[in-house]
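*Asks:* have a look at this fold, sequence not included:
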């Protein structure tokens, strides 16, 4: 999370959602001036240096290039957020997204504040009570 904040300081962006998994990360980022490749290059290189130093390793940490997609509609904006927040559930790491601490989900459904995450844009698409309606939107498909 510290590396993410450092990247945002160098290349300002809005972070709408995130989930840090054991072998990959999901970021829903709205860029302001810089291309996402600049953000990801900084994140990946700094994390690789940290990881290699911590584990006394050398070489590549990541298998391939990061992937990105342009979000071109409100439906897709919301769907990406849901996908990111359900990722640890889909991976059977937790039963419900609020159980996973390495995600922005709790910022969306509770009063907890995460200064890295901007919830305004996504929550603006839900009627009051926005947080409760977002929780229902994300849901757990096989339990609803």
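*Replies:* Thanks, I have the structure now. Keep in mind the model is a prediction, meaning the values are calculated, not measured.

*Asks:* which strand or helix spans the residue nearest the centre of the chain?
*Replies:* What sits nearest the mean C-alpha location of the chain, by Cα atoms, centre = their mean, is residue 18, with 1.1 Å. Using DSSP states H and E, residue 18 maps to strand 13-20.

*Asks:* residue 22 now?
*Replies:* Using DSSP H and E, residue 22 falls outside every helix and strand.

*Asks:* number of nearby residues for it?
*Replies:* Residue 22: 8 surrounding residues under other Cβ atoms under 10 Å. All C-beta atoms are positioned from the backbone trio N, CA, C, and that covers glycine.

*Asks:* which non-adjacent residue is nearest it?
*Replies:* residue 93 (7.9 Å; Cβ to Cβ, 6 or more residues apart in numbering).

*Asks:* for the strand holding residue 18, packing partners?
*Replies:* For strand 13-20, the packing partners by 3 or more Cβ pairs under 8 Å, 6 or more residues apart in numbering; DSSP states H and E come out as helix 2-10, strand 25-31, helix 74-90, helix 105-109, helix 120-123.

*Asks:* among these, show me which one is buried the most.
*Replies:* Sort these by mean neighbour count, taking mean count of other Cβ atoms under 10 Å, and helix 105-109 sits at the top with a mean of 22.

*Asks:* other residues contacting that one?
*Replies:* 17, 19, 81, 85, 97-98, 112-114, 117, 119, 122-123, 131-132, 134-135, 138 (Cβ atoms under 8 Å, 6 or more residues apart in numbering).

*Asks:* fine, thanks again, bye for now.
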